[in-house]
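# Turn this into a structure:
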Amino acid sequence: MKTKKIPLRMCLGCGEMKPKKEMIRIVKSSEGNISLDFTGKKSGRGAYICRNTECFQKARKARRFEKSLSCKIDDSVYEVMENELTSENN
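Okay, the predicted model is just below:
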């Protein structure tokens with residue numbers, strides 16, 4: 001039997017390639033709203049990070065979310081995403 005291919009995505013924080021299901025997707029919708037997508041099924045432009053806050057902080061500091069989603073992101077949006085991420089990990 002042929003083994004099923006596992007889709008890999010690169011983390012914006014650490015730069016490691018990991019299976020898509022182990023990562024969290026950040027989505028920019030067609031309206032311009034930015035949110036975390038734990039299911040990976042929301043429509044829109046996506047970027048991926050690991051499920052820890054260290055990678056989130058690295059990607060935020062280097063402005064990698066803004067580069068990959070092609071938009072300016074307010075600090076309030078970052079704070080909401082970080083709170084969702086920490087509450088999901090607990």
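# for Ser68, phi and psi?
Main-chain dihedrals, Ser68, degrees, to the nearest 10: phi -80, psi -30.
# burial of it, as a residue count?
17 (other CB atoms under 10 Å). All C-beta spots, glycine's among them, are computed from the backbone N, C-alpha and C.
# Secondary structure element holding the nearest residue to it once chain neighbours are set aside?
Nearest residue to Ser68, sequence neighbours excluded (CB to CB, 6 or more residues apart in numbering): Ala47, at 4.2 Å. According to DSSP states H and E, Ala47 maps onto strand 45-49.
# Just the buried residues of that strand, please?
Neighbour-count burial for strand 45-49 flags Ala47, Tyr48, Ile49 (criterion: 16 or more other CB atoms under 10 Å).
# cool, and stretch 52-67?
Cys55, Phe56, Lys58, Ala59, Arg60, Arg64, Phe65.
# My read is that the third one contacts Gly15, right?
No: taking CB atoms under 8 Å as the contact criterion, Lys58 and Gly15 are not neighbours in contact, 9.1 Å apart.
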